[in-house]
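K.L.:
Need coordinates for the below:
(chains A, B, C and D)
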Number of protein chains: 4
Amino acid sequence: MLKVAVVGASGYTGVELLRILHCHPEVAVTCITSEQSAGKPVADIFPTLRGRYGQILENLEPVRVAEKADFIFTALPHKAAMEVVPTFVKLGRRVVDLSADYRFSDASVYERWYEPHMNPELLSRAVYGLPEVRRAKIKGAKLVGNPGCYPTSITLGLMPLLKQKMIDTTTIIADSKSGVSGAGRGAKVENLYCEVNDGFSAYGVGGVHRHIPEIEQELSLLAGEAVTISFTPHLVPMDRGILSTVYARLAGNTTAADLAKIFADVYEGEPFVRVLPAGSFPSTAHVRGSNFCDIGVAVDSRTGRVIVVSAIDNLVKGAAGQAVQNMNIMCGFPENLGLEGLALFP
Amino acid sequence: MLKVAVVGASGYTGVELLRILHCHPEVAVTCITSEQSAGKPVADIFPTLRGRYGQILENLEPVRVAEKADFIFTALPHKAAMEVVPTFVKLGRRVVDLSADYRFSDASVYERWYEPHMNPELLSRAVYGLPEVRRAKIKGAKLVGNPGCYPTSITLGLMPLLKQKMIDTTTIIADSKSGVSGAGRGAKVENLYCEVNDGFSAYGVGGVHRHIPEIEQELSLLAGEAVTISFTPHLVPMDRGILSTVYARLAGNTTAADLAKIFADVYEGEPFVRVLPAGSFPSTAHVRGSNFCDIGVAVDSRTGRVIVVSAIDNLVKGAAGQAVQNMNIMCGFPENLGLEGLALFP
Amino acid sequence: MLKVAVVGASGYTGVELLRILHCHPEVAVTCITSEQSAGKPVADIFPTLRGRYGQILENLEPVRVAEKADFIFTALPHKAAMEVVPTFVKLGRRVVDLSADYRFSDASVYERWYEPHMNPELLSRAVYGLPEVRRAKIKGAKLVGNPGCYPTSITLGLMPLLKQKMIDTTTIIADSKSGVSGAGRGAKVENLYCEVNDGFSAYGVGGVHRHIPEIEQELSLLAGEAVTISFTPHLVPMDRGILSTVYARLAGNTTAADLAKIFADVYEGEPFVRVLPAGSFPSTAHVRGSNFCDIGVAVDSRTGRVIVVSAIDNLVKGAAGQAVQNMNIMCGFPENLGLEGLALFP
Amino acid sequence: MLKVAVVGASGYTGVELLRILHCHPEVAVTCITSEQSAGKPVADIFPTLRGRYGQILENLEPVRVAEKADFIFTALPHKAAMEVVPTFVKLGRRVVDLSADYRFSDASVYERWYEPHMNPELLSRAVYGLPEVRRAKIKGAKLVGNPGCYPTSITLGLMPLLKQKMIDTTTIIADSKSGVSGAGRGAKVENLYCEVNDGFSAYGVGGVHRHIPEIEQELSLLAGEAVTISFTPHLVPMDRGILSTVYARLAGNTTAADLAKIFADVYEGEPFVRVLPAGSFPSTAHVRGSNFCDIGVAVDSRTGRVIVVSAIDNLVKGAAGQAVQNMNIMCGFPENLGLEGLALFP
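P.N.:
Numbering: from 1, shown residues only, chains lettered A, B, ... in the order given. Below is the predicted model of the structure:
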C-alpha cells in the first residue's frame, strides 16, 4: 500500500481527493493536514467522511508529513504550495501539486500573472500533468503540476485541431462556464447560496483571468507557435462542472466528418476522453463526479468556424481525479485505478 | 381602460403576461384563451393567479376574441399565430404577436428557417418590436412582431458598436445562455428537473438555431451591411434569464473608456437599458422578473477584441415585458407603465 | 407622498422593502441607512436597484433619520433595533420594526430567549403586526412589531382551528421548511452555494428555535389557553419561501368539508390569505415574490389528525410585504396598495 | 463473476444500479432490458455510461433474461414486476425486486393500497430486504422485496425506539422530504424543471401515500403491536435525498444521552448506518450518492417528545444501493462490496 498524504484538506479539492482515495485499492491515507482546522477530526469538517476517515487534521509541518507519507498531494492555494513543496521534493517524496505554482515552464510568465516565484529552479523538473499530452514524462516525474480546471477542458478540446493544424490560431475564443465549487470554500458574500442561485454571470471579462497564460502555454506547445486566445469564464448555478465552448476559424475545407475522425483518432485508447457521436454535445451532468472529459464537435458552414464543446467535472478531471490519474501513472498503477466511478446522474 | 386579450395562456409567456397586466393601471384583461385547457379556471392552471384572475379559459375563436378585446397579445407557437392574427388585424384590433411569425421583413428568410408563410403580405405592415431600435414605427403600428429572447439580448448588446462601426462584422460570435423557461412548458423528458438540475449544456451547436436569421436581420440593418454571426445557445439550470457574451474584433484603436461613452450615449434616456460602469458585468439574477437589459463592456487589449455581456429576463424583456412595452408605445401610455417592477432578488 | 426611511438596508429584508416601496404610489423613500456600507450608492450593493434608486447609504443617526422621514422601517438585527426605535417613537415617527425586539407582550419571555430588553416599557405600546389577527389595533399603532416568518405561516395556518376550538392544543407539531434567504446575507461557510445546493437539512431541532415563544404567544392568545408546541425548522435549497406542515389531533368528529368551511369563513375578505380548494395544497413557488399566504387543509381519518399546510414568501408576507401591509393600515391607505404583485412563476 | 441482469433500465433506479454495479468487483452485467428503448444502446439513453457500458437494451423476455443471468434486479413499476418475477423464481434465479410487489407479508394489505396481487403465494417466500432488521433471513432468500425509500428512512430512524419501547406508538408523526428523482423519469408537466425549481410543496397529504402500509408493517413488527402513523411526503428542489423528521411522545423520562446510547448500541457494527453525535443532525447532501443512512436524535423536554432526523439517498440506500447490499448478503459477498463510494460533496 502506498502511504499518501493530503495536504490542505479543508477545501473542496481536498475532500474530493479523500473521496476518491477511499476507493483506491493501492493507497492508504496516512496524513491529512489543514491549517484552519488542525486538531479536529476531518469528519467534523466534512461529515461525508464520517465512519470511514477517523483521522485528526494535522498542522502542516513538512518534515513530519514527509515522514508519514511516500506520496503527497498538495491542495493548497498558490504561494502556500511553493513554501512546502521543495521540502517534500528534497526528501525524495513524489508530489502532485494542485496549485498553479508548478504549472509553468517559464517562471517569468508565472510572475507576470501571479507573484515572485520562490523556487523557479524546480520548474524545469516539474511536469505539467495532462496525461493525454505528456503521459511519458509524467511517468518519470517526481513533481507534477496538476493542470487547472479551465485549461484542462480547453486544451483537451483543441488538441486534435492544433496537432493537425486545422484552425487559424489567431481566431480562438474560449467561452467557459463553471460550477460554483471552482470558487472555493471561503466565506464570501458573493458565493452565498442566495447570491448565486437561479442566476448566471460572467467574471474576469476582458482577458484577465489567471488561467489564460496556462492555457496559452499548452496551446502554443501543441500548435508549435505562439497562440493568444480570448477567454471568458462564467459562473453557473450548479456545484460542479466546467463546460467550454471553443470557437475557431477552420484553416481549410473541413467537414464535420473529417473532424470526427481526427478527434476519434487522437483520443483512441484514452481511458478518460469520450468523443461524442456527430450531433451530440456534452453536458456537465453526464460527467458529474467522474474523471471523464466529454467532447462534441460541430462545423458552422455558414461562417467557416469549428465549435468544440468539452465538459469535465472541475473537481475530478479538473483537479482531484486528474491528480490521482497522475499518481497512478507515476507509480505504475493501472491508469484508471480508483477512477472508474461513473457520473452520479441524476 | 383598454380591453385586452391574452391568446394562448397556458404557457410561461402567457402567465407572465397575466402577471404583468394585473398591475397595469390602464388595462382590463377581458379574454384569456387556451386550447389545451379551455373551460377550466385559469387559476387552476396557474395557482399564482388565484384570487386575482377569476376567468375561465376560452377556446380560441378569433372573431369572438376580437369582440371582447381591443388589444390582443398572441402567445402561440409559430404557425398557430399566423392562423389567427390576420383575422384580428382585419377586424381592426391591434396585435402584439409573440411568436416568430411576424418578425421577418423577408418571407423567404422565414420560410427557409421555419415553414411556408400563410400571409406574407402582412409582413410589410408588421413592425419588429424592439423599442430601442424603432420606437417611432412601433407607435403607429397595428401589428408588432415581438422580438425573440436571444435576439433582444444580442441586438441590444451590439447596437452601439454597429451604429458607430466600431467592429469587424465578420468576426461576431455570440455565446448565449438561457434559463429553462425558454424551452416552454411541454412535457418532455429532457426538461425534467432531474435532467436539467446541476448541469450545463450546449444545444443547437453549429449555426442551426432559428433565432440566427432574426439576429442577423437586425444586426445587418444596424450595420448597413449583411452580417453573418456564429451563435451557440446553452441551457442554464435556472428558471429565467438570458446572458449573452458577444465577441468581435475592434475595427480601430478603441479603449474601454471610448466604448463606455458610446454605450452611455446611445442608451441615454432609455427606460429599460442599463449600461453598467466599467469593470462591472451583469447577472441574470439582477434582472429576474424585471424589464431591464443590463449591459457591460470590456476590451481585451491582448487580442484586440471587444466583449459585450448583456442580460435580460427571457420572459420579461425577452417576451411578455417587451410586449407590454410595445403596447404602451402603440397606445400612447407612458412607456414604463406597469413595467416598473424591480428584479426579485434573491 | 409619505416620506419613508429604510433603516438597515444591506440585508435581504432591506432590499425587499426597497423593491416593494418602489411601486408604492403613496411613498417616497427619503432615507436609506446601512452601517456596513454607508457612503456607497445603494445600487452598488444591490444592482437590482440601479437606475431607480440613486441614493447613497447613510450612517444610522436616529435623529437625522427622523428628520428626513415620517415613517420608518427598521430592518436591523434584534438588539440593534431597540437601540434606535425609542428615539424614533419619542420624535413622533411611526415605526414598523422587523426585528424580534417588539414582538413580545411579556418582556420576560423576550429575555429568556433573547437577552435583556433595553426598553420594556415600549412593549405595551407596540402592536404585534399580524393584520389577520389584530387589524384594528394596528390601525392606531405608532409602533408595530412585525411578525417573524415562521410565526406568520404557522399562526395563519392554525388560527381558524384555535378560534373554533377544533383541536387538542397539546398535540400541535409544526414542521417548517424555509428557503435560504431566511439565514440572512452574512458571509458564513454554511450558507455558501455549494454547502446548501441540492441538499436538505434540519436545524434547531429539539425545541430551541427563537421563534417558538413568539408562535406560542400568538397561539395561546387565539386558543384562550397556554399552548406549547413542537417546532422544527428545516433548510430548503431555494431562495425564498416558507412552507409549514402543522399536525394536531382533532377534538371531535370533524370532516374535511367542515374544516374547509371554517377556513373559508374565517378568511373571507382577507386580501392576502388564499384558502385552497379541498385536495389542493400550496407550494412556495406559487407565492414567490407575493404577499399571499396560501393554505390547504386535510383530515387524516386513520389517525384523527388534521394537517394544515401553509406557504408564504418569507421575505414578503414573512417580512417586508407584511411590513408594508402594516404601514398601509397605520396610514389609512388601501391595505393592498403596492402589494398586488403576483408571484413570479416560474 | 456473478452474471447479473438489470430489468427495466430506462429509469433512474435502473441507471443507478448500473452505476453501482460497474464498480462491483464480483459482478458482470450480462443483460439490460427496457421496454421503451429496446434496441438502442443503453449509453444513448444515459450518456453517463458511455465508454463503459456497450450493451444494447433488450426486450423483457423473462426466459431469455434468466438464461443470461444468475441474479436479477427488477426495477419495474409495481404490477409489471409481478408479471415476470415468478418466472425468474421458478427458473431458480435469485431476485431483488425494487417495486412494491413483494414487500408485503399480507396480500390483502397490498391489495387495499395497490391492486389485486397476481401471485400472492410468493409473498411468504419473499423477504423484506432491510438488512438492519432481518439480515439473517435475507441471507437465505431467493426473492427479496427491496424496501421503499420513505420506509427505509423512517424504519431505520425509529427502530431503536420501538425495540426498546421508548415511545407512545400512537403519537408517531413522520414528516418526510424527498428529492425529485423519487418521482421517476416520466414526462410530466409537474416534474419539469421550471415547475419544481426554487419551490417546496407537500403532496399526498392526509394519510393517502402508498408507502404508509409498508411503513406500518415494519414499525408494527418492531413494536410488537399494531402501529398507525401520520405521514406526509414533500417535494424538495433537489435531485436526490430523503430526509425524514419523525416525532413521538416519549414513554418515560428519557434524556438525550439515554437515546444516544440506545441508538449507538442498536447500530453498532452496522456498515451503513451512522448515528451522529448529540447536537448534530444529518443533511441529505452528506449522503448523496452513498449507501449511508445518517441519523440524529433530539429530546424536546418542553413537550416530552423525541425528534429523530434521518437522511438517505433515495436512489442508493433507498433503492439501488440497498438492492446491491441485499445481493451481497444473499451471495455471501462482503456486505459493503461495491458500496464504499462516499457521498459526492459538494
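
K.L.:
residues in contact with residue A:344?
P.N.:
A:288-289, D:19, D:240, D:288-289, D:344 (C-beta atoms under 8 Å, 6 or more residues apart in numbering or on different chains). From N, CA and C alone the C-beta is placed, and that goes for glycine too.

K.L.:
and it, that's in a helix?
P.N.:
No - with DSSP: H, G, I helix; E, B strand; the rest coil as the criterion, residue A:344 is located in coil rather than a helix.

K.L.:
Save the contacts of residue A:344 as CSV, and put in secondary structure and pLDDT too.
P.N.:
As requested, these are arranged in CSV below (DSSP: H, G, I helix; E, B strand; the rest coil; pLDDT from 0 to 100):
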residue, secondary structure, pLDDT
A:288, coil, 98
A:289, coil, 98
D:19, helix, 98
D:240, coil, 98
D:288, coil, 98
D:289, coil, 98
D:344, coil, 98
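
K.L.:
Identify the farthest-apart pair in those.
P.N.:
D:19 and D:288 (13.0 Å; C-beta to C-beta).

K.L.:
Residue numbers of the stretch 51-200 of chain A in contact with chain B?
P.N.:
A:171, A:173, A:175, A:177, A:179, A:194-200 (C-beta under 8 Å from any C-beta of the partner chain).

K.L.:
near chain C too, which of those?
P.N.:
Within these, those near chain C by C-beta under 8 Å from any C-beta are A:194-198.

K.L.:
ok now stretch A:149-161, how far from the chain's centre?
P.N.:
11 Å (C-alpha atoms, centre = their mean, to the nearest Å).

K.L.:
Let me know whether it sits next to chain C.
P.N.:
No - using C-beta under 8 Å from any C-beta, stretch A:149-161 stays clear of chain C, with a minimum separation of 14.5 Å.

K.L.:
which residues does the closest residue to residue A:170 other than its chain neighbours contact?
P.N.:
Among residues not flanking residue A:170 along the chain, residue A:228 sits closest, at 7.3 Å (C-beta to C-beta, 6 or more residues apart in numbering or on different chains). Contacts for residue A:228 (C-beta under 8 Å, 6+ apart) come out as A:170, A:216, B:302-303.

K.L.:
in which helix or strand would I find residue A:228?
P.N.:
Counting by DSSP states H and E, no helix or strand carries residue A:228.

K.L.:
separation between the nearest residue to residue A:214 once chain neighbours are set aside and residue C:157?
P.N.:
Distance criterion C-beta to C-beta, 6+ apart; nearest residue to residue A:214, sequence neighbours excluded, is residue A:151 at 4.7 Å. For residue A:151, the distance to residue C:157 equals 53 Å [C-beta to C-beta, to the nearest Å].

K.L.:
So residue A:278: helix, strand or coil?
P.N.:
Per three-state DSSP, residue A:278 ends up coil.

K.L.:
What are the buried residues along the longest helix seen in chain A?
P.N.:
The residue-count maximum for a helix in chain A (DSSP state H) belongs to helix A:149-163. For helix A:149-163, burial by neighbour count (16 or more other C-beta atoms under 10 Å in any protein chain shown) applies to A:149-162.
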